[in-house]
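Q: return a 3D structure for these sequence lines:
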Amino acid sequence: MAEAEATETEVKLRVDDVDSARRLVRRLGAFLAQPRHFEDNLVLDSDSGHLTQSGCLLRLRMTSTGNSITFKGPRSVVEGVKQREELECRVDDAGALRSILGKLGLRVTFRYQKYREVYEWDEVEIVIDETPIGVFIEIEGAVADIRETAEALGFGAERYIVESYAALFVAGGGRGDMVFA
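A: This is a model prediction of the structure:
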């Protein structure tokens, strides 16, 4: 059974370092909902790249507290904020699921890693992501709440990033997988 069937609505904000990000988020009075943890993410697609070509994504995420599989539909940008369908559910055995998906013709096409902290503030989820390409604050919620939160953090709409980490990695000259050394 799916844990969430919803529309993901979010922006990323690039920050200088994790300490600066924490200061900004804590200054709001945001509540730490999930402490810093490591995530290993596998993006899967067919050899023909059907999912990527249709603007979709299938991700298997593995953490020390559990695993999940997520489908993300094609994105749109509304008022500078990314929106897309998102279906997600927990997975007990990531290795078995990966084998099943392989039998269905899906293979890992990209791997990315990050350390993530999750905060809650008013009606939004704020995360701090430490990635091999930098530190980002991600704000997820309703468009108006995202804009209000970004402004409270000191960021205008011109600083919104709606690209995926994979797209940012490739745009920055990255090749292969986005993993920590």
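
Q: switch to C-alpha atoms for all contacts and neighbour counts from now on
A: Will do.

Q: contacts for stretch 94-106 next, please.
A: Stretch 94-106 has contacts (C-alpha atoms under 8 Å, 6 or more residues apart in numbering) with 44-47, 60, 62, 67-68, 91, 107.

Q: measure A171 to A150 for me?
A: Distance from A171 to A150, counting by C-alpha to C-alpha, to the nearest Å: 24 Å.

Q: what about these two, which has more around it?
A: Taking neighbours as other C-alpha atoms under 10 Å, A171 and A150 compare with A150 leading, 22 against 11.

Q: which element is that one on?
A: Counting by DSSP states H and E, the secondary-structure element that holds A150 is helix 143-153.

Q: just the C-alphas of that helix, formatted as PDB.
A: Extracted in PDB, the C-alpha atoms of helix 143-153 (Å, rounded to 0.1, in the frame of the first residue of the first chain):
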ATOM      1  CA  VAL A 143       3.500  27.100  -3.400                       C
ATOM      2  CA  ALA A 144       2.500  30.100  -1.100                       C
ATOM      3  CA  ASP A 145       4.100  28.400   1.900                       C
ATOM      4  CA  ILE A 146       7.300  27.700   0.000                       C
ATOM      5  CA  ARG A 147       7.600  31.300  -1.100                       C
ATOM      6  CA  GLU A 148       6.900  32.500   2.500                       C
ATOM      7  CA  THR A 149       9.500  30.100   4.000                       C
ATOM      8  CA  ALA A 150      12.100  31.000   1.400                       C
ATOM      9  CA  GLU A 151      11.600  34.700   2.100                       C
ATOM     10  CA  ALA A 152      11.800  34.100   5.800                       C
ATOM     11  CA  LEU A 153      15.100  32.300   5.200                       C
END
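
Q: avg pLDDT for it?
A: Here helix 143-153 scores 98 as its mean pLDDT.

Q: would you mark the buried spots in it?
A: 143, 145-147, 149-150, 153 (16 or more other C-alpha atoms under 10 Å).

Q: likewise stretch 174-181?
A: Buried residues in stretch 174-181 (16+ other C-alpha under 10 Å): M178.
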